[in-house]
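> how would this look folded up:
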Amino acid sequence: MAEIVNLRMARKRKVRADQEARASEQRAIHGRSKFEKQRDRAAEEKDRAFVEGHFRGKPGVDQ
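Residues are numbered from 1 along each chain as shown. The predicted structure is shown next:
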């Protein structure tokens, strides 16, 4: 005898699996964790502050 399958549940399960596969692909292409973004932003700010600290004139004014 065949197994009884609820088609509505099977469709929903398939849609969820497809969405998860697409999300996984997008994370691999575009994704960085929140921590990585914050770390990079903090390092960039630190570098910018270091360079601006070595100007003789006012920061933001072209010399």
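> Tell me the first helix or strand C-terminal of the longest helix seen in the chain.
Taking DSSP state H as the assignment, the helix of the chain that covers the most residues is helix 7-30. Toward the C-terminus, helix 7-30 is succeeded by helix 34-52 as the next helix or strand (DSSP states H and E).
> I'd like the distance from that next one to the chain centre, please.
When distances are taken as CA atoms, centre = their mean, to the nearest Å, helix 34-52 is centred 17 Å away from the chain's centroid.
> With stretch 39-53 instead?
With CA atoms, centre = their mean as the basis, stretch 39-53 stands 21 Å off its chain's centre.
> cool, and stretch 32-49?
Distance of stretch 32-49 from its chain centroid, counting by CA atoms, centre = their mean, is 13 Å.
> what mean pLDDT does that stretch have?
Regarding stretch 32-49, the rounded mean pLDDT is 92.
> distance of Ala28 from Arg41?
Ala28 sits 22 Å away from Arg41 when distances are taken as CB to CB, to the nearest Å. Any C-beta I mention is one placed from the backbone N, CA and C, and that applies to glycine too.
> quick revisit: what are the contacting residues of the longest helix of the chain?
Applying CB atoms under 8 Å, 6 or more residues apart in numbering, helix 7-30 turns out to have no external contacts.
> dump the residue contacts of Arg32.
Per CB under 8 Å, 6+ apart, neighbours of Arg32: Asp40.
> Quick check: the gap between it and His54.
Using CB to CB, Arg32 is found at 30 Å from His54.
> Tell me how many other residues surround Lys37.
For Lys37, the count of nearby residues is 10 (other CB atoms under 10 Å).
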